[in-house]
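**Student:** Sequence isn't available, so here's the structure alone:
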């Protein structure tokens, strides 16, 4: 009860600042008009294929142009609570541990919901859930818990929020079994990604989409054809880094997100380089929702521009035999419908660059915190280029980078780009471990979040050094990610590790991401040494675990997790990404 009162007090304190928690009546009315305009745009897309001027990312920015942390009003949450109790959608909250059982009054229940909303707004939900695992679960980070969430499972004119229960599944055995047996997704991404491949809850339609899109990502032949374009951009990014470093510390988060977005547009979408540079900043800032750098309509406008370019691309191969834009070719020939195609391209532009850019940033961050490992990896990179004898690397050459493989895999463990993991619905009644490992029965239809964060940091699974960057740790068979060999087609996974989600709904773009990361890391680690710059140098030698206070440095989870900008931190506003580093030129022999 003490905890619930503390939560209530925290939310009440925020409520004293209307600019942080609540919109004014005029703001709510204006935003509702924007919502209706957005929904009508989606309806037109579905009807005749007209690309809308706004996406779900633009809508979020329109609803919060100043970047304030906002939590739904007590009365709004109360209405959703009444509906949920009538419809009996909160049953799992009584089956598994969590703060809900301590919430005896209506006020306390509303406070728990608002605490989850606050954590989602500040990108700290996985930290909150880990805290609740430790407090209520009975089994530490092995605990499965249940939390209340406000979610939306539709799009267009039918979109309506609902209060439901969601199980945060962190027991390793339960996570692996349910991932394999319950493949139906919770459609919580539908409001933004429509019925695209990670949003649809129709298993047959998901299988059709995966079959149609897999040729753009999975076969090694596709990656080998993309390689020249991707390699050329990786070379250019090293030159761009040299230019930026000449003026002082470099925000490596911004730099690597920029490069990941450029790789996507050039290699997978076939966009001309001048268009890529023009749209890069607009897309990234729009996805992040940073009002200082983006405005509503930026993402929608970029989608319109890229779609127009795609419409003029031929299906035939160029005379040089290379493939430009295989994703566009797959989308255009899919026959899946305009709404699905729109959702899938939007997904690739967001998740395809955010996940890769963040992973590279976290890796450089950990290498700067562990200079001995950085030196060892640079030696491997230097030997790699020496072995090429002045030729460019080909896709199959990448299979020789053992320490690179381990460093990327360890980064994906410590700082999973998608800390939430995956969201599923149970096909049938299921039994999972409850408090103290006793069985708990969950009914068919229960929403389940198979979270990566707690499993990847669990000392019972990884040992006492679970919060230490150690690429030389003992990995289980199938966990280390490989590139350039037949093993590249295998999803790196185990019961304790699923950075790309478990099969069969693993990340479709993982092979391209793995190739892209290695190319960029090869060229920048060959030429540069990285050091944390103020104020991020205060993080050197500091243990960064699965729990964090509200003002502590942490990963910011916006569906993908990037490093918190500690210079721009304001507890009233959403946190942004940054990682300032001093970048120094080194010779290949160093």
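**Tutor:** Perfect, I can see it now. Just so it is clear, the structure is predicted and the values come from calculations on it, not from any experiment.
**Student:** use CA for all of it now, contacts and neighbours both
**Tutor:** Fine.
**Student:** phi, psi of the nearest residue to residue 137 once chain neighbours are set aside?
**Tutor:** Take residue 137 and drop its neighbours on the chain: the residue closest to it by Cα to Cα, 6 or more residues apart in numbering is residue 143, 5.0 Å away. In terms of degrees, to the nearest 10, the main-chain angles of residue 143 are phi -70, psi 140.
**Student:** ok, residue 143 to residue 425 distance?
**Tutor:** According to Cα to Cα, to the nearest Å, residue 143 and residue 425 sit 19 Å apart.
**Student:** quick one, which of those two is more surrounded?
**Tutor:** For residue 143 versus residue 425, neighbours defined as other Cα atoms under 10 Å are more numerous around residue 143 (29 against 20).
**Student:** and that one, what does it touch?
**Tutor:** Counting by Cα atoms under 8 Å, 6 or more residues apart in numbering, residue 143 touches 133, 134, 137, 169, 170, 171, 433, 434, 435.
**Student:** what do you get for residue 101?
**Tutor:** With Cα under 8 Å, 6+ apart, residue 101 has these contacts: 93, 94.
**Student:** related to what we said a few turns ago, ok, and the most crowded of the contacts of residue 143?
**Tutor:** Going by other Cα under 10 Å, residue 170 tops these with 28 neighbours.
**Student:** That residue and residue 454 touch, don't they?
**Tutor:** Yes: Residue 170 is within contact range of residue 454, at 6.4 Å (criterion: Cα atoms under 8 Å).
**Student:** Determine which two of the contacts of residue 143 are furthest apart.
**Tutor:** Farthest apart among the contacts of residue 143 by Cα to Cα are 134 and 433. That separation is 15.3 Å.
**Student:** would you list the contacts of residue 143 in CSV and tack on distance to residue 417?
**Tutor:** Output for these, formatted as CSV (distance: Cα to Cα, whole Å):
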residue, distance to residue 417
133, 21
134, 23
137, 25
169, 18
170, 17
171, 20
433, 27
434, 28
435, 29
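**Student:** From those residues, pick the one nearest residue 334.
**Tutor:** Each of the contacts of residue 143 was checked against residue 334 using Cα to Cα; the closest is residue 169, at 34.5 Å.
**Student:** what's near enough to touch the closest one?
**Tutor:** Contacts for residue 169 (Cα under 8 Å, 6+ apart) come out as 143, 144, 145, 175, 448, 449, 450, 451.
**Student:** from the chain's centre, how far out does the host helix or strand of the fourth one sit?
**Tutor:** Applying DSSP states H and E as the criterion places residue 175 in helix 172-181. Relative to its chain's centre, helix 172-181 lies at 21 Å (Cα atoms, centre = their mean, to the nearest Å).
**Student:** Next: stretch 249-260.
**Tutor:** 16 Å.
**Student:** Stretch 39-55 too?
**Tutor:** Centroid separation for stretch 39-55 versus its chain: 25 Å, with Cα atoms, centre = their mean.
**Student:** Endpoint to endpoint, it covers what distance?
**Tutor:** 10 Å.
**Student:** and stretch 307-327, how far apart are its ends?
**Tutor:** 12 Å.
**Student:** do stretch 466-485 as well
**Tutor:** End-to-end for stretch 466-485, by Cα to Cα: 29 Å.
**Student:** buried residues in that stretch?
**Tutor:** 466, 467, 468, 469, 470, 471, 479, 480, 481, 482, 483, 484 (16 or more other Cα atoms under 10 Å).
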